[in-house]
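**Q** with the input below, show me the fold.
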Amino acid sequence: MIIAIDGPTASGKGTIAKALAAHFGLPHLDTGLLYRAVGRQVALSGGNPDDPDHALAAADFPESLLDDHELRSEATGALASRVSIHPPVRAALLARQQAFARQPGGAVLDGRDIATVIAPEAEAKLFVTASVAARALRRWAEMQQRGESVTREEIEADLAARDERDRNRAAAPLRQAEGAALLDTSALPIEAAIAAAIALVEKQLKA
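**A** Presented below is the predicted three-dimensional model:
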């Protein structure tokens with residue numbers, strides 16, 4: 001059984017994906033982490049994330065990089081959004097993601113093109129979204145807890161820019177897949193969002 005979860009940055013899809021994986025007893029892959037690793041590798045190599053050749057070279061990052069705490073930073077998130085627009089980078093990471101999805105027993109994957117490109121055959125598909133204002137507030141709170149100094153206005157601007165890149169890139173743009181259930185978490189506390197996601201997945205599995 002494959003559960004595919006797509007949505008923009010800070011919509012709650014990662015937390016929801018982990019909860020669904022625990023609920024259904026499936027392994028989970030945050031595919032965005034792969035793109036963050038590519039962005040981080042570009043930075044470590046002194047390359048340009050907007051250069052497709054630099055970005056593609058960084059797609060051959062060492063597996064150990066996935067444990068780098070810097071992958072979760074806002075700076076690396078912005079780099080990930082920039083390298084992910086390059087079709088050769090997406091192609092380089094495609095096989096890794098599909099192999100994870102199609103392992104025996106299935107898996108839960110979250111990202112931006114899971115139900116449209118990586119695993120369109122998924123038995124359950126969710127598109128998790130939220131307003132830019134709601135997402136910025138969540139991200140700001142997380143960053144405050146980590147002691148990072150940034151304003152909500154700066155985060156809103158960054159999220160809006162990422163949304164623009166993700167929705168308008170030529171390769172695998174962010175969009176709600178056909179048959180995917182829409183879950184807007186703007187006004188939902190995380191417990192309610194998880195409960196709603198489980199209900200939507202169970203409904204699709206019974207269909």
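**Q** how about the strands in this protein?
**A** With strands called from DSSP state E, the chain shows them at 2-6, 28-30, 107-111, 124-129, 181-184.
**Q** would you turn those into TSV with mean pLDDT and distance to residue 140?
**A** For the C-beta atoms, the positions are set from N, CA and C on the backbone; glycine is no exception. Listed next are those as TSV, based on pLDDT from 0 to 100; distance: least, Cβ to Cβ, whole Å:
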stretch	mean pLDDT	distance to residue 140
strand 2-6	98	23
strand 28-30	95	21
strand 107-111	97	22
strand 124-129	98	18
strand 181-184	98	20
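**Q** wait, which of those strands is closest to residue 72?
**A** Minimum separation from residue 72 across those (Cβ to Cβ) falls at strand 28-30, 10.2 Å.
**Q** adjacent strands (with direction) for the closest one?
**A** Sheet pairing for strand 28-30, assigned by DSSP bridges, gives strand 107-111 (parallel).
**Q** and the angle from the partner strand to strand 124-129?
**A** Orientation of strand 107-111 against strand 124-129 (axes from the mean of the first three to the mean of the last three Cα atoms, to 10 degrees) gives an angle of 30 degrees.
**Q** how much space between residue 99 and residue 178?
**A** Residue 99 sits 24 Å away from residue 178, going by Cβ to Cβ, to the nearest Å.
**Q** for the closest residue to residue 60 other than its chain neighbours, give me its contacts.
**A** Nearest residue to residue 60, sequence neighbours excluded (Cβ to Cβ, 6 or more residues apart in numbering): residue 92, at 7.6 Å. Residue 92 is in contact with 56, 59, 60, counting by Cβ atoms under 8 Å, 6 or more residues apart in numbering.
**Q** give me the phi and psi for the second one.
**A** So the one you mean is residue 59. phi -70, psi -10 (degrees, to the nearest 10).
**Q** the last one too?
**A** Phi and psi for residue 60, reported as degrees, to the nearest 10, are phi -90, psi 40.
**Q** please consider this matter closed, and thank you.
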